[in-house]
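J.: 3D, please:
(chains A, B, C and D)
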Number of protein chains: 2
Amino acid sequence: MKFAAATIKDIAKALGLSTSTVSRALRDSHEISTETKQLVLEYATRINYHPNPIALSLKEKRSRSIGVIVAEIANSFFSQAINGIESVANDKGYNVIISQSHESYDKEVMTLQYLASRSIDGLLISVSTATKDLQHLKALHDRGFPIVFFDRIVEEINTHKVAVDNFRGAYDATMHLMRQGYQDIATITNSENLSITKERVAGYMEALSQKHIKPRKSLIKYCFHGGMLLSEIEDAINQLLKVKPRPDAIFTGSDKLTTGCMRVLKSKGLRIPEDIAVVGFSNSDIIELLDPPITVVRQPAFEMGQVATELLLQLIESKRPVHDFERKILATTLIVQQDNARVKA
Amino acid sequence: MKFAAATIKDIAKALGLSTSTVSRALRDSHEISTETKQLVLEYATRINYHPNPIALSLKEKRSRSIGVIVAEIANSFFSQAINGIESVANDKGYNVIISQSHESYDKEVMTLQYLASRSIDGLLISVSTATKDLQHLKALHDRGFPIVFFDRIVEEINTHKVAVDNFRGAYDATMHLMRQGYQDIATITNSENLSITKERVAGYMEALSQKHIKPRKSLIKYCFHGGMLLSEIEDAINQLLKVKPRPDAIFTGSDKLTTGCMRVLKSKGLRIPEDIAVVGFSNSDIIELLDPPITVVRQPAFEMGQVATELLLQLIESKRPVHDFERKILATTLIVQQDNARVKA
DNA sequence: CTGAAAGCGCTAACAA
DNA sequence: TTGTTAGCGCTTTCAG
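T.: Residues are numbered from 1 along each chain as shown, chains lettered A, B, ... in the order given. Predicted coordinates for the structure are as follows:
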């Protein structure tokens, strides 16, 4: 059932004015007499007039809405980032349309096409773990469509990018493990093609190297679906447990992988950290309630969302094509949990 | 920076046709010759033509987008519900615009006003814990605007409603506690004005009564902000701990309150469940990883989202005013955790 | 089978 | 100070 909202025309007719006069009165134009303005304004509020944003969009060729594509809303990191995005967007009068790729390349492409055809003014995206081919994004970008990458950024496309210092985050986590006495540290991480994966693995390896431990390929496990399938993590862990010497700790490269790992280890009856320690990226807000409350690398998700949105709106509202793109790198925080800080026997 | 998309006019000009012919050809009208159709279609795909949805909206007086207002996306229950909402909405070609009230009445009103003025075709809402006055919703509803309530529904407004059997969920949880041997069971729950609060408290009291335990007012604690402020939960627990005899278990009425309670109890050095047991509503997907892995009442959030969206789209697409409204009640599941099933000494 | 014209709600250049 | 008109992209009578 539709319901007809009041229009400028209604006001004009009721007051015996022209639509343009009404329009101008509503926008408080200086070329309208005070009395007319008052008359119009009064009547407008009385009939609860609100300008039709669709008509405005058609005229202005902009919808004042931006699209966001993330892997999953039901993921602390992304939902916190979205909070940041919304806070800035709403402040500036923009709508946010959120879509999820569920870590599927096909879904990402479809959802992108859909969003693009729904006339959003710009896009914030953190690509799916399964995304290797970037044609869908390149095509849009080449047409001059404003895009900002955050978190899982893409080097091949030249635009604003916001991420954390993943290298450092991974380095800190691995160092922390080594300081606890762990030596055979494995890593379970996202698919190899992701920017964040490369950086995190590099940080992990650098930490090992500094302690003169040679990184072993058999201890690095990539999850193409980012842990969307628990079986993926199970497989990785099964393989790790067969390696000699058996790893005594795991550095996990994402929220989903961190909790997924814990789940799998527990189901196998392995104790954390006695049998095998876990430290990884996570933005879960109940990490201290976990058994055990593991040490995690936290990302400033909210802030990332804010920064990315500011950059996007800047792009959208720029009068001329932008060629100078920024790359913002935020810092991670290592949240050390007491219970995990026991030194290994 | 704007970027101009191809329009029907462009096609018409390039092909020496009129815009109406092109429009008809694109919509595969029977009154267009096969050759012309082919010509148009071919050219359209070549230049990557996509109809401008804004122009369509203006014409059709509908935007094919629906609004959703929830307390917080960063809440398992809501993010799961949103997944359900999106799955149905996208299937039917609708966009979903998500907003958060953060459990603030003012924010809810503002966000609602904003959404309504942004020409959404309908609204799905789970009101904030702070919402008592319903004028903002009534006004919209009276103007014939399609609204569907889910989870935290509102009796005063006559429209479709989707919720779970909160009474039963609370009853089951409380019964479970009593079967474990707990007798002095307190409850910490959302603000008193919410539908779900009343139902959950009623279920809790009914369970007590059946075991001939008289509900005590001093054991029922309402949190006006739904636990958004941890201090609220702290206060509630402090008061509960002073009651004689001291409660030996707490039934928590929401996701946030459940984890919030655990957090507070732990910080006080109280062991769960030895010192005080906790059972409550939660849709967290890592509940088994908690210390201890408490028994919870789970809601079919995804399904709720789906059902609510189907009802809303039905409302939106109905040709005539709807007067016959549905009230769907889904079942909750009690997820019993082994570690919590130890009988109290 | 195709085209011209009107109209959705709004703004803005141009007239008066 | 106010009104007339055209146009944003699209569909849809109404005429050929």
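
J.: can you give me the strands in chain A?
T.: For chain A, the strands defined by DSSP state E occupy A:65-70, A:95-100, A:122-125, A:147-150, A:161-164, A:185-190, A:220-223, A:249-252, A:277-281, A:296-298, A:327-330, A:333-335.

J.: model confidence over the fourth one, on average?
T.: Taken as a whole, strand A:147-150 has an average pLDDT of 98.

J.: Could you see whether chain B lies near that strand?
T.: No: in this structure, strand A:147-150 remains apart from chain B according to Cβ under 8 Å from any Cβ of the partner chain; the gap is never smaller than 11.4 Å. In this view, the C-beta of every residue, glycine as well, is placed from N, C-alpha and C.

J.: how distant is that strand from the center of its chain?
T.: From the chain centre to the centre of strand A:147-150 is a distance of 9 Å (Cα atoms, centre = their mean, to the nearest Å).

J.: now do the fifth one
T.: Here strand A:161-164 is found 10 Å from its chain centre; the criterion is Cα atoms, centre = their mean.

J.: can stretch A:18-28 be found next to chain B?
T.: No: counting by Cβ under 8 Å from any Cβ, chain B is not contacted by stretch A:18-28; separation bottoms out at 13.7 Å.

J.: Name the nearest residue to the one residue in the stretch 151-300 of chain A that gets nearest to chain B, ignoring sequence neighbours.
T.: Closest contact between the stretch 151-300 of chain A and chain B, by Cβ to the nearest Cβ, is at A:Asp291 (3.2 Å). If the residues on either side of it in the chain are set aside, A:Asp291 comes closest to B:Asp291, at 3.2 Å by Cβ to Cβ, 6 or more residues apart in numbering or on different chains.

J.: so that neighbour makes contact with A:Glu288?
T.: No: with the criterion set as Cβ atoms under 8 Å, B:Asp291 and A:Glu288 do not qualify as a contacting pair; they are 9.4 Å apart.

J.: For these two, indicate the residue with more neighbours.
T.: Per other Cβ atoms under 10 Å in any protein chain shown, whichever of B:Asp291 and A:Glu288 has more neighbours is A:Glu288, with 19 against 16.

J.: Among the strands of chain A, show me which one is buried the most.
T.: Stretch with highest mean neighbour count among those: strand A:249-252 (a mean of 29; mean count of other Cβ atoms under 10 Å in any protein chain shown).

J.: That one pairs with which strands?
T.: Sheet pairing here is set by DSSP bridges, and for strand A:249-252 it gives strand A:185-190 (parallel), strand A:277-281 (parallel).

J.: what's in contact with the first one?
T.: The set of residues that contact strand A:185-190 without belonging to it, under Cβ atoms under 8 Å, 6 or more residues apart in numbering or on different chains, is A:129, A:174, A:177-178, A:196-197, A:200-201, A:204, A:208, A:213, A:219-223, A:226-227, A:233, A:236-237, A:240, A:243, A:247-254, A:257, A:261.

J.: ok, now with 7 Å
T.: Contacts made with strand A:185-190 from outside it, assessed by Cβ atoms under 7 Å, 6 or more residues apart in numbering or on different chains, are listed as A:129, A:174, A:177, A:196-197, A:200-201, A:204, A:208, A:219-223, A:226, A:233, A:236, A:240, A:247, A:249-254, A:257, A:261.

J.: Could you check how far A:Asp165 is from DNA strand D?
T.: Between A:Asp165 and DNA strand D the computed distance is 43 Å (Cβ to the nearest atom of the strand, to the nearest Å).

J.: How many residues are close by that residue?
T.: One way to gauge burial is a neighbour count; for A:Asp165, by other Cβ under 10 Å, it gives 16.

J.: Check the contact between it and A:Ile329; I expect there is one.
T.: Yes: checked against Cβ atoms under 7 Å, the pair A:Asp165 and A:Ile329 is within contact range at 5.2 Å.

J.: quick one: common contacting residues for the two?
T.: Shared contacts of A:Asp165 and A:Ile329, defined by Cβ under 7 Å, 6+ apart, are absent.

J.: can you tell me how far the residue of the stretch 151-300 of chain A closest to chain B sits from A:Ser20?
T.: Distance from A:Asp291 to A:Ser20, counting by Cβ to Cβ, to the nearest Å: 68 Å.

J.: now swap in A:Val68 and tell me
T.: Distance of A:Val68 to A:Ser20, given as Cβ to Cβ: 37 Å.

J.: near DNA strand C, which residues of chain A?
T.: Applying Cβ under 7 Å from any atom of the strand, we find that chain A lies next to DNA strand C at A:4, A:7-9, A:19-20, A:23-24, A:26-27, A:51-52, A:55-56, A:58-59.

J.: For the stretch 1-150 of chain A, which residues are neighbours of DNA strand D?
T.: Taking Cβ under 7 Å from any atom of the strand as the criterion, the stretch 1-150 of chain A approaches DNA strand D at residues A:16-21, A:24-25, A:30-33, A:35-36, A:55, A:58-59, A:61.

J.: Filter these down to just the buried residues.
T.: A:Leu17, A:Thr21, A:Arg24, A:Ala25, A:Ile32, A:Leu58 (16 or more other Cβ atoms under 10 Å in any protein chain shown).
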